[in-house]
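Below are the sequence and a predicted model for it; my questions follow.
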Amino acid sequence: PNQDKLLPSPSSSSPHNLSLFEFLGRMMGIAIRTRMPLDLNFPPLFWKLLAQQPVSHADVMQVDTMTGRVLLRMMREDEDEDEDEDEDKQ
């Protein structure tokens, strides 16, 4: 899913790329003010980050399954550590 979606690379930090991001932001602002929607094919993860909404594990999995799996593994390990600490306290 979402293989047909666009996702800006966070590592694109050259002055040229930053100017392109700024241009996109200006175009989005103009589109909002003029009520002329742009056909931007971004995944839900992008829009949630832009709107400062919570991102779910499913959002990450839709964009990058490998990263999603690593995050899931890390969350499970963290839960296991919490359980071990709780057992030690008893």
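Sure, I can see it.

What's the mean pLDDT across stretch 24-35?
With pLDDT averaged residue by residue, stretch 24-35 scores 95.

residues contacting the residue nearest to the spatial centre of the chain?
Centroid check for the chain by Cα atoms, centre = their mean gives Leu45 as the closest residue, at 4.1 Å. Contacts of Leu45 were listed using Cβ atoms under 8 Å, 6 or more residues apart in numbering, and they are Leu7, Val55, Asp59, Val60, Gln62, Val63. Any C-beta I mention is one placed from the backbone N, CA and C, and that applies to glycine too.

ok, which pair from those residues is furthest apart?
The most widely separated members of those, counting by Cβ to Cβ, are Leu7 and Val55 (12.9 Å).

Reformat the contacts of Leu45 as JSON lines; add secondary structure, distance to Glu22 and neighbour count.
Below are those laid out as JSON lines (DSSP: H, G, I helix; E, B strand; the rest coil; distance: Cβ to Cβ, whole Å; neighbours: other Cβ atoms under 10 Å):
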{"residue": "Leu7", "secondary structure": "coil", "distance to Glu22": "18", "neighbour count": "13"}
{"residue": "Val55", "secondary structure": "coil", "distance to Glu22": "23", "neighbour count": "14"}
{"residue": "Asp59", "secondary structure": "helix", "distance to Glu22": "25", "neighbour count": "19"}
{"residue": "Val60", "secondary structure": "helix", "distance to Glu22": "26", "neighbour count": "18"}
{"residue": "Gln62", "secondary structure": "helix", "distance to Glu22": "27", "neighbour count": "17"}
{"residue": "Val63", "secondary structure": "helix", "distance to Glu22": "23", "neighbour count": "19"}
